[in-house]
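*Asks:* The amino acid sequence is not available; the structure is as follows:
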C-alpha cells in the first residue's frame, strides 16, 4: 500500500476535488443509485463546497501529487451540497446545542479500503471536538451508510431530496456523540 498525506484543502484544489467527486460518485454509487440520479447529483448535491475550504474545515488526502480522498466537517447549518446546490444555510452552529456536520466524503475508487476515509473522519471528529462540539451529524449517501455505521453513527429515517425536476435522491441522516475520552491521537489520521 502506498503512503498518503492528509492536509487542509485550498481553493486551488477545487478542480482536482471536483474530478475526484465525479470519479468516486460514478464508480461507487453503482447498485445504490440509478445513473440518472448520480448525474443529477453531480450538478449540485455532490460537488465542491468552497465555504468548507474557506473555513479551513475541508481536507484532502494525497498519494504523491494526486488527491485520492476528501472530506470535512462544518460549523455551519448546511447539511450537504456543493457550491451549485441551492439549499444552503451558512449560519454558524452553536457547539453547546448543535451538532457539527460531517460533510462531503469521497474516495478515489482505486484507493478504497485503505483507511483514507477513516483517517479523514478521525481528523474531522477531533477538530470538531476541539471547537467544542460534542455531537456530530451527517447526511449519508447509501453507499456510505455501512462505513458510518461501522464508525458508530446511528441512522435516522431516510430522506428524499429533489435534485433536478422529477429526480430525487435518497439520503440517510446519521448522528453520533463524540467520545470525550478519546485520545488526542485521534486527531492524527491513520495510515494504511
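*Replies:* Nice, thanks for sending it over. On a predicted model such as this, the values are computed, not experimentally measured, just so you know.
*Asks:* thought residue 140 was touching residue 170?
*Replies:* No: the criterion here is C-beta atoms under 8 Å, and residue 140 misses it with residue 170 at 10.0 Å. Every C-beta, even on glycine, is put in place using the N, C-alpha and C of the backbone.
*Asks:* Just want to know which of these two has more residues nearby.
*Replies:* Shown here are residue 140 and residue 170; by other C-beta atoms under 10 Å, residue 140 has more neighbours (22 against 13).
*Asks:* secondary structure class for that one?
*Replies:* Each residue gets one of three states, and residue 140 gets strand by DSSP: H, G, I helix; E, B strand; the rest coil.
*Asks:* for the helix or strand hosting residue 118, which positions count as buried?
*Replies:* Secondary structure from DSSP states H and E places residue 118 in helix 116-130. In terms of neighbour count (16 or more other C-beta atoms under 10 Å), helix 116-130 has its buried residues at 116-129.
*Asks:* what's the answer for stretch 138-145, then?
*Replies:* Quick answer for stretch 138-145 (16+ other C-beta under 10 Å): 138-141, 143-145.
*Asks:* what's the answer for stretch 27-34, then?
*Replies:* Applying 16+ other C-beta under 10 Å to stretch 27-34 flags 28-29, 33 as buried.
*Asks:* what does stretch 11-18 give?
*Replies:* Applying 16+ other C-beta under 10 Å to stretch 11-18 flags 13-14, 16-18 as buried.
*Asks:* before we move on, what about stretch 37-55?
*Replies:* 37-42, 44-49, 51-53, 55.
*Asks:* what's the average pLDDT for that stretch?
*Replies:* On average, the pLDDT along stretch 37-55 is 93.
*Asks:* mind checking how far it is from the chain centre?
*Replies:* 10 Å (C-alpha atoms, centre = their mean, to the nearest Å).
*Asks:* Ok, stretch 74-94 next?
*Replies:* That offset, for stretch 74-94, works out to 13 Å (C-alpha atoms, centre = their mean).
*Asks:* Buried residues, the biggest strand by length in the chain. List them.
*Replies:* Taking DSSP state E as the criterion, the chain has its longest strand at strand 167-177. For strand 167-177, the neighbour count (16+ other C-beta under 10 Å) marks 169, 171-176 as buried.
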